[in-house]
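> Task: produce atomic coordinates for the following.
(chains A and B)
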Number of protein chains: 2
Amino acid sequence: MAMILYNGPTSPFGRTVKVTALELRAPVEERVIDVYAAAFLDDANPLRQIPTLVLENGQALYDSRVICAYLDIQGGDGSLYRAADAWALQVRIALGIGLMEAGLQRRMEILRPDGERSPSVVEKLEARIGRAIDHLERAAEELAAPAPRMDQIVWACALEYTDFRFTTAWRATAPRLAEWLEGFARRESMVESRPA
Amino acid sequence: MAMILYNGPTSPFGRTVKVTALELRAPVEERVIDVYAAAFLDDANPLRQIPTLVLENGQALYDSRVICAYLDIQGGDGSLYRAADAWALQVRIALGIGLMEAGLQRRMEILRPDGERSPSVVEKLEARIGRAIDHLERAAEELAAPAPRMDQIVWACALEYTDFRFTTAWRATAPRLAEWLEGFARRESMVESRPA
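Coordinates of the predicted model:
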């Protein structure tokens, strides 16, 4: 019996877990669900959020950071977190997750009906997205380690989610990041997990 | 020179870091800022979010999970994360963080001006808060380890934030959790960090 990954069709957090599982060749069976109608998920994860990983013994793991760390340990040698400065790596991961969160919140805001949308919230989120990308562009050399590494996976999923839901225009002011992504995006794990 | 913790006056994430630092007697100097006017923070943390910890060498750490793990390692023996099942501990931490996020999102939603509020978003967040608390009530014995432990700190801060911004009514249906919190809330770290 494999581990079961409850996932959404386009979640950047879910994709991060999927890419991680593919890179590690972890025996994960993915079930794409509609999380808004997933009351059955509550027993495993009362936050009713994807990704949620259910282990063979029934134990549920979340959120994406916990799942990725678990898969990495199971994979053997903690290899996706190797780094000269482990804390800088963790901060890059947190920054990528912040970029995903801003993108997802922006998307949710835009999908609201008339009378419930906040232009100033959208504006603040777009500014945050811009600052996050600018910051990493200035430190793009940090992504130039042998792949895959956890910050690379998170950043690739965060940037492609930005492309998918917001804009590809960041490439004009973040050329080093764009070039790096062009290479990383060709990995089998990225191709196989890309939303249709 | 001490580490500098940029913090907000009422953030549950910031309080979690503060309680952690107090428990570990970490040399942290707190600076309470208005994050909405904190453009100076962008160099350290382009997400412009608190808590952000700036180390003596100028390196910035975020988010709260990364900072707490760092302080714990500096404290010596990883003692706040000791647990028979380390993954169950991580999931309890993630659940507490999810409870904080739901509480904070609910607060932000309610503070919106007329014409930008979503009653259905508030309703979903309140349901999530209720499910999270119900879930932990059923597993309240897991909090009965010698204090302090990281899940206890996160849960205490999350529950008191629920009290502070939403409701104390959860105690009626979560008596074991309420009793546990009554004890933990007396810790010096909790008293000293409690918003006025």
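
> Just the buried positions in stretch A:6-19, please.
Going by neighbour count (16 or more other C-beta atoms under 10 Å in any protein chain shown), the buried part of stretch A:6-19 is A:Tyr6, A:Asn7, A:Gly8, A:Ser11, A:Pro12, A:Phe13, A:Gly14, A:Arg15, A:Thr16, A:Val17, A:Lys18, A:Val19. Where C-beta positions appear, they are placed from N, C-alpha and C, glycine not excepted.

> ok, that stretch near chain B or not?
No - contact of stretch A:6-19 with chain B (C-beta under 8 Å from any C-beta of the partner chain) is absent, the minimum separation being 11.8 Å.

> now that stretch, how far from the centre of its chain.
Chain-centre distance of stretch A:6-19: 7 Å, with C-alpha atoms, centre = their mean, to the nearest Å.

> Between the buried residues of stretch A:6-19, which sits nearest chain B?
Nearest to chain B out of those is A:Phe13 (C-beta to the nearest C-beta; 11.8 Å).

> which residues touch the closest one?
A:Phe13 sits next to A:Ile50, A:Pro51, A:Asp63, A:Ser64, A:Ile97, A:Met100 when contact means C-beta atoms under 8 Å, 6 or more residues apart in numbering or on different chains.

> go again using 7 Å as the cut-off
By C-beta atoms under 7 Å, 6 or more residues apart in numbering or on different chains, the contact list for A:Phe13 reads A:Pro51, A:Asp63, A:Ser64, A:Met100.

> and the gap between the last one and chain B?
What that stands for is A:Met100. Distance, A:Met100 to chain B, by C-beta to the nearest C-beta, to the nearest Å: 11 Å.

> again with A:Gly75
From A:Gly75 to chain B the distance is 15 Å (C-beta to the nearest C-beta).

> Could you measure from that residue over to A:Trp155?
When distance is defined by C-beta to C-beta, to the nearest Å, A:Gly75 is 20 Å away from A:Trp155.

> can you check A:Ile129 too?
Separation of A:Ile129 from A:Trp155 (C-beta to C-beta): 13 Å.

> got it, and A:Thr167?
With C-beta to C-beta as the criterion, A:Thr167 and A:Trp155 are 16 Å apart.

> Which one of these two is surrounded by more residues?
Using other C-beta atoms under 10 Å in any protein chain shown as the criterion, A:Thr167 and A:Trp155 rank with A:Trp155 on top: 29 against 12.

> Validate this expectation: the more buried one resides in a strand.
No - counting by DSSP: H, G, I helix; E, B strand; the rest coil, A:Trp155 is not part of a strand but helix.

> was I right about it contacting A:Ile97?
No - using C-beta atoms under 7 Å, A:Trp155 is not in contact with A:Ile97, being 10.0 Å away.

> can you list the residues of chain A near chain B?
Counting by C-beta under 7 Å from any C-beta of the partner chain, the residues of chain A close to chain B are A:42, A:46-49, A:60-63, A:66, A:70, A:87, A:90-91, A:94-95, A:98, A:112, A:115-118, A:128, A:131-132, A:134-135.

> Give the PyMOL command for selecting the buried subset of these.
In PyMOL, this line selects whichever of these come out buried by 16+ other C-beta under 10 Å:
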select buried, chain A and resi 42+46+47+48+49+60+61+62+63+66+70+87+90+91+94+95+98+116+118+128+131+132+135
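
> Among the residues of chain A next to chain B, which are located in helices?
Applying DSSP state H to the residues of chain A next to chain B, the entries found in helices are A:66, A:70, A:87, A:90-91, A:94-95, A:98, A:128, A:131-132, A:134-135.

> For my notes, please list these in a markdown table and give pLDDT for each entry.
Formatted as a markdown table, these follow (pLDDT from 0 to 100):
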| residue | pLDDT |
| --- | --- |
| A:Val66 | 98 |
| A:Tyr70 | 96 |
| A:Trp87 | 96 |
| A:Gln90 | 97 |
| A:Val91 | 97 |
| A:Ala94 | 98 |
| A:Leu95 | 98 |
| A:Gly98 | 98 |
| A:Arg128 | 97 |
| A:Arg131 | 97 |
| A:Ala132 | 97 |
| A:Asp134 | 97 |
| A:His135 | 96 |
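
> which one of these sits closest to A:Thr173?
A:Asp134 (7.0 Å; C-beta to C-beta).

> quick one, phi/psi of A:Arg149?
Torsion angles at A:Arg149 (phi, psi; degrees, to the nearest 10) stand at phi -130, psi 160.

> mind listing what it touches?
For A:Arg149, the contact set (C-beta under 7 Å, 6+ apart) comprises A:Leu80, A:Arg82.
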